[in-house]
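Undergrad: Based on what follows, work out the 3D shape:
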Amino acid sequence: MKTRRFSKDILMLAILTVITVFTWIGVDVYRAFNKPTPPIVPAEQLLPLNPKLETRVIDDLTSRQMLERETLTPQEAIPEEISEESTEVVSEEPANEETNTEP
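TA: Sure, this is the predicted structure:
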């Protein structure tokens with residue numbers, strides 16, 4: 001009776017396949033245990049939206065009064081462009097008199 005011998009290539013392929021299968025199973029088990037819990041959504045966010053368009057809101061938006069730049073007070077005014085001089089950083093530390101003395 002002849003004995004069958006496996007070649008080294010088939011044995012190596014079988015070992016690598018077994019290692020791959022166990023690694024795959026291990027990773028899937030790890031991901032199953034470390035799966036994040038789904039966020040809790042409040043019930044009012046799950047309510048369906050009303051598809052009816054409210055024309056009163058659109059009319060209110062179109063009837064709003066637009067303010068001109070000249071009518072705004074200086075605190076509310078928006079600068080037209082920001083210059084580099086206005087973006088300089090000013091130090092809030094008081095100057096030491098000892099370091100500013102001349103020899």
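
Undergrad: Which strands or helices does the longest helix along the chain pack on?
TA: Counting residues, the longest helix in the chain under DSSP state H turns out to be helix 8-33. Packing contacts for helix 8-33, counted by 3 or more CB pairs under 8 Å, 6 or more residues apart in numbering; DSSP states H and E, involve no helix or strand. Glycine gets a C-beta too; all of them are placed from N, C-alpha and C.

Undergrad: what's the following helix or strand after it?
TA: The helix or strand immediately downstream of helix 8-33 is helix 43-46, counting by DSSP states H and E.

Undergrad: So for that following helix, mean pLDDT?
TA: Averaging pLDDT along helix 43-46 gives 89.

Undergrad: List the contacts of it.
TA: Outside helix 43-46, not one residue touches it by CB atoms under 8 Å, 6 or more residues apart in numbering.

Undergrad: May I have it as PDB, with CA atoms only?
TA: Taking C-alpha atoms only, helix 43-46 is exported to PDB below (Å, rounded to 0.1, in the frame of the first residue of the first chain):
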ATOM      1  CA  ALA A  43     -39.400  61.200  20.500                       C
ATOM      2  CA  GLU A  44     -40.100  64.800  19.300                       C
ATOM      3  CA  GLN A  45     -37.300  64.400  16.800                       C
ATOM      4  CA  LEU A  46     -38.800  61.200  15.400                       C
END
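
Undergrad: average pLDDT for the following helix or strand past that helix?
TA: Next along the chain after helix 43-46, taking DSSP H and E as the criterion, comes helix 55-62. Averaged over helix 55-62, pLDDT sits at 86.

Undergrad: Same question for stretch 14-30.
TA: 97.

Undergrad: repeat for stretch 71-91
TA: Computed over stretch 71-91, the average pLDDT equals 57.
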